[in-house]
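# 3D, please:
(chains A and B)
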Amino acid sequence: MDSMATLPIVQYEEKIIETVERNPVVVVIGETGSGKSTQLSQMLYRRGYADSARIAITQPRRVAAVTVARRVAQELGVQLGEEVGYAIRFEDRTSHRTRIKYLTDGVLLRESLVNPELNEYSVIILDEAHERSLNTDILMGLMKRLAKIRTSNLKVLITSATLDGDKVSNFFRDCPVLTIPGKLYPVEILYSKERPSSYLESSLKTAIDIHVREPEGDVLIFMTGQDDIEKLVSKLEDKVRSLEEGSCMDAIILPLHGSLPPELQVRVFSPPPPSCRRIIVATNIAETSLTVDGVVYVIDSGYVKQRQYNPSTGMYSLDIVQISKVQANQRAGRAGRTRPGKCYRLYPSQVYNDEFLDVTVPEIQRSSLAGSVLYLKSLDLPDIDILKFDFLDPPSSESLQDALKQLYLIDAIDENGAITSIGQKMAELPLEPSLSRTLMEANDYGCIPEALTVAAMLSAETTLLPGRSKTEKKRKHPEPNLPDGFGLGDHIQLLQIFECWDQTDYDIGWCKDNGLQVRGMLFVRDVRKQLSQIMQKIAKGPLDRRRGESRQDYRNLRKALCVGYANQLAERKMHHNGYRTLGFQGQVVQVHPSSVLKADDLGKFPDYVVYHELIATPRPYMRNVCSVEMRWVVPVINKLKTLDVYKLSGGTGPVEEENERNIPDLPKKNFEVTAGVDDSESRIQAARERFLARKGKK
DNA sequence: GAGCACTGC
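Numbers count the residues shown, from 1 in each chain, chains lettered A, B, ... in the order given. Predicted coordinates for the structure are as follows:
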């Protein structure tokens, strides 16, 4: 473990304090191992910055907030939760004595909903801002405003990456930039002469070369996904086994990705047997989230899987894209934590220099912004206009308009773009707007208990385990004993599953027997409790049913869903089971094969459904659908007709062409197949890269 | 015959 004295940042203390003293905002470029996350807060604490109010340090991840807080408490010799504490969702370990508070940036956003001036804090440090999470980006905008309003009693520090420092400084009115060197050992970068024809084969060959020729030290290989990881692991195992015994040291191959059960994930943290090399084949999870000790060699494919949102179609896609320079350097740095290392980049230096973006496209430019726009509107800051909100990297106006349209259709904002009383209540719920709107409607229909459960289940996403073996994958549903939603759809099934679990008194064994992720289900229980507490203030009826008293009639719940998902409606095509989405450019989509939605005796799906999500993988699917009735859809369609983006944007946006929207005339008529998936530039680019990456594997 | 990078309130 590092002792404080060896951390590079310690020598910069005077300089840092002096700069902070003179400036309301300071950008700190702290390279890996500089100790910024643990030391900045302590320095300011020592100099009295926490005397009148607290020091807040945000982290993008929960584990980071907890581990760094624990570490600082230890260094200061205090009990965690006393002078040093942390706050993450479901867990607040702070007290009135807390001076240094670590928290996730999501929690700080929630806090600023209650107190927009954040008077509780005298210093706010946004750590790891270079990761550019959606929440960090919103916080940066808010900090810019706050620094101006509270010049006399607030200091803001933003930590960033080398390649981004000047830009962040420009954003904060050319505030000073301090660079603190890291404590990494040198990493030699080795480029490939050309792009490999196969990343899999090239990774395999490089890994075996290292294993045979290089001295001891673990190997970390960055791949894009579970599939590639599994293939490479098995090839590596074959190859290592075939190496002549005694000709080199032993090797164990370890996969590492998010859908790996936790007990297998932790294997990478236990030390290897003596004279045995570990070869870890990982996704991006090993780039920032998990740090594996002992890595000396890194193999970098140069690719990552990234989720992107297309605001003109309302569709998400998961694309394989090239990483940024920041990411490539972060990956390389993983080789230099314990001693000098090597990084094998499976691409030429020219690709790195000319093709890689400096920094990763920020999440704010890749996501649906409905939730964020609602959040900003609910803050009701007189001096902030959402469409002109000062973002470090502003999202496209198309994306902002999409968010406004969505919010208007679910009554969160009025025709002039002003937040409504419904919208104000929705913003308090830590949910996507469609689900918070569903809860509001459920309140009127007397089905809060059910809506709470559905919202909580959808917050977790991964409660149903995927098939565990190849043969099991053939089965349509993982476990036959689970309820089927009466064929009405996935929302109803999720509700029934939770109700079953509730009846077993939250039995862990029951989850395991039924192929449900234990962690996911426990998370759902926590979320439901949290939502229930928030709803208590406005609930017109009970928040829970008596155990076993489940409502078998899901009509009201489905009506509430129809209102909440007004943006996510689809109409079945007359002659087959394809659907066409309403409201966006008409997308032809299918019900995801994993859905429990049932067709009628004639083999037809319901005429109308709501969907939780559209995902192109690469074919367009609706994931998590629920059947609704036409007469519930009518008001939504009528509202679509009144939509005026120009007014919604406060009369600043461009006027939208009427025919861009897919608004059916009722009664229902047959629609021509006009448009498939929208092929915007980015999708073509993504498809090209996917093609290149796939081509390599064959 | 479908497929799932990673976070977070």
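
# need the nearest residue in space to the closest residue to DNA strand B within the stretch 201-350 of chain A, chain neighbours excluded.
Closest residue of the stretch 201-350 of chain A to DNA strand B, CB to the nearest atom of the strand: residue A:258 (2.4 Å). Bear in mind the C-beta positions are built from the backbone N, C-alpha and C, glycine included. Spatial nearest neighbour of residue A:258, excluding adjacent residues (CB to CB, 6 or more residues apart in numbering): residue A:285 at 5.6 Å.

# any weak-confidence spans in the stretch 251-400 of chain A?
In the predicted model of the stretch 251-400 of chain A, residues A:383-384 satisfy pLDDT under 70.

# contact residues of it facing DNA strand B?
Residues of the stretch 251-400 of chain A that fall close to DNA strand B, judged by CB under 7 Å from any atom of the strand: A:257-259, A:283-285, A:289, A:304-307, A:318.

# mind listing the helices for the stretch 201-350 of chain A?
With DSSP state H, counting those that start in this stretch, the ranges of helices along the stretch 201-350 of chain A come out as A:226-242, A:262-265, A:325-333, A:349-354.

# wait, isn't residue A:45 in contact with residue A:98?
No. The pair residue A:45 / residue A:98 is not scored as a contact, 11.1 Å apart, by CB atoms under 8 Å.

# who has more neighbours, those two?
residue A:98 (23 against 20; other CB atoms under 10 Å).

# right, and the more buried one touches residue A:86 too?
No. Under the criterion of CB under 8 Å, residue A:98 makes no contact with residue A:86, lying 9.1 Å away.

# burial count for the closest residue in space to residue A:407 that isn't next to it in sequence?
Nearest residue to residue A:407 in three dimensions, chain neighbours excluded: residue A:413, at 4.6 Å (CB to CB, 6+ apart). By other CB under 10 Å, 24 other residues sit near residue A:413.

# ok, back up a step: next, count neighbours for the residue of the stretch 201-350 of chain A closest to DNA strand B.
With other CB under 10 Å as criterion, residue A:258 counts 14.

# wait, doesn't residue A:126 sit right on residue A:105?
Yes. Here residue A:126 reaches residue A:105: they are 7.1 Å apart, a contact under CB under 8 Å.

# get me the contact residues on the stretch 51-200 of chain A for DNA strand B.
With CB under 7 Å from any atom of the strand as the criterion, the stretch 51-200 of chain A meets DNA strand B at residues A:60-63, A:88-89, A:104, A:106-107, A:109-110, A:133, A:135.

# mind putting the residues you listed into CSV with pLDDT and distance to residue A:69?
Output for these, formatted as CSV (pLDDT from 0 to 100; distance: CB to CB, whole Å):
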residue, pLDDT, distance to residue A:69
A:60, 91, 15
A:61, 92, 13
A:62, 92, 11
A:63, 91, 11
A:88, 95, 10
A:89, 93, 15
A:104, 95, 11
A:106, 94, 16
A:107, 96, 12
A:109, 95, 19
A:110, 94, 18
A:133, 91, 19
A:135, 93, 18
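
# which among the residues you listed count as buried?
Listed as buried from those are A:60-62, A:88-89, A:104, A:106-107, A:109-110, A:133, A:135; burial here means 16 or more other CB atoms under 10 Å.

# closest one of the residues you listed to residue A:545?
residue A:89 (25.6 Å; CB to CB).

# residue contacts, the closest one?
Taking CB atoms under 8 Å, 6 or more residues apart in numbering, we find residue A:89 in contact with A:62, A:104, A:106-107, A:430, A:530.

# same thing but at 10 Å, please
A:62, A:103-104, A:106-107, A:110, A:430, A:523, A:526-527, A:530 (CB atoms under 10 Å, 6 or more residues apart in numbering).

# so which of those residues are in helices?
Among the contacts of residue A:89, the members found in helices (DSSP state H) are A:62, A:106-107, A:110, A:523, A:526-527, A:530.

# among those, which two are most distant?
The most widely separated members of these, counting by CB to CB, are A:110 and A:523 (17.4 Å).

# wait, what's in contact with residue A:424?
Taking CB under 10 Å, 6+ apart, we find residue A:424 in contact with A:374, A:377-378, A:380, A:412.

# go on, residue A:442?
With contact taken as CB under 10 Å, 6+ apart, residue A:442 is in contact with A:448-452, A:454-455, A:535, A:539-541, A:556-557, A:559-561, A:563-564.

# show the buried residues in the residues you listed.
Using 16+ other CB under 10 Å, the buried ones in these are A:448-452, A:454-455, A:535, A:539, A:556-557, A:559-561, A:563-564.

# now, the residues you listed that are in helices?
Using DSSP H, those in helices are A:448-452, A:454-455, A:535, A:556-557, A:559-561, A:563-564.

# in chain A, what helix or strand scores lowest on average pLDDT?
helix A:470-473 (a mean of 38; mean pLDDT, DSSP states H and E).

# what sits in contact with each of residue A:98 and residue A:86?
In contact with both residue A:98 and residue A:86: A:69, A:80, A:92, using CB under 10 Å, 6+ apart.

# save those as TSV, and put in neighbour count, pLDDT and secondary structure too.
Shown next, in TSV, are the shared contacts of residue A:98 and residue A:86 (neighbours: other CB atoms under 10 Å; pLDDT from 0 to 100; DSSP: H, G, I helix; E, B strand; the rest coil):
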residue	neighbour count	pLDDT	secondary structure
A:69	29	96	helix
A:80	18	96	strand
A:92	15	95	strand
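
# ok, the nearest residue to residue A:225 once chain neighbours are set aside - how many residues close by?
Closest residue in space to residue A:225, ignoring its immediate chain neighbours: residue A:305 at 5.4 Å, by CB to CB, 6+ apart. Taking other CB under 10 Å as the criterion, the count of residues near residue A:305 is 17.

# I'd assumed residue A:285 was in contact with residue A:305.
No. Contact criterion CB atoms under 10 Å: residue A:305 and residue A:285 do not qualify, at 11.3 Å.

# before we move on, the earlier item: and for residue A:45 and residue A:98, which residues touch both?
Counting by CB under 10 Å, 6+ apart, the contacts common to residue A:45 and residue A:98 are A:54-55, A:83-84.

# of those, which belong to strands?
If you go by DSSP state E, the shared contacts of residue A:45 and residue A:98 have A:54-55, A:84 in strands.

# top of those residues by neighbour count?
If you rank those by neighbour count (other CB under 10 Å), residue A:84 sits at the top with 29 neighbours.

# quick one, what contacts that residue?
Applying CB under 10 Å, 6+ apart, the residues near residue A:84 are A:41-42, A:45, A:55, A:68-76, A:78, A:93-94, A:97-102.

# return the subset of these lying in helices.
Applying DSSP H to those, the entries found in helices are A:41-42, A:45, A:68-76.

# buried members of those residues into PyMOL, please.
This is the PyMOL syntax for the buried subset of these, where burial follows 16+ other CB under 10 Å:
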select buried, chain A and resi 41+42+45+68+69+71+72+73+76
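
# out of the ones in helices among the contacts of residue A:84, which two sit at the greatest distance?
Taking CB to CB, no two of these sit farther apart than A:45 and A:70, at 16.2 Å.

# do a quick rundown of the strands in the stretch 51-200 of chain A.
Counting by DSSP state E, counting those that start in this stretch, the stretch 51-200 of chain A has strands at residues A:54-59, A:84-88, A:91-93, A:100-104, A:121-126, A:155-160, A:177-180, A:187-191.

# show me what residue A:57 is bridged to.
Under DSSP bridges, the beta-bridge partners of residue A:57 are residue A:102, residue A:125.

# these two touch, right, it and residue A:99?
No. Taking contacts as CB under 10 Å, residue A:57 lies outside contact range of residue A:99: 11.6 Å.

# need the residues touching each of these two.
Jointly contacting residue A:57 and residue A:99 under the rule CB under 10 Å, 6+ apart are A:41, A:44.

# more neighbours, those two?
The residue with more neighbours, out of residue A:57 and residue A:99, is residue A:57; 28 against 21, by other CB under 10 Å.

# I'm done for today, thanks for sticking with me.
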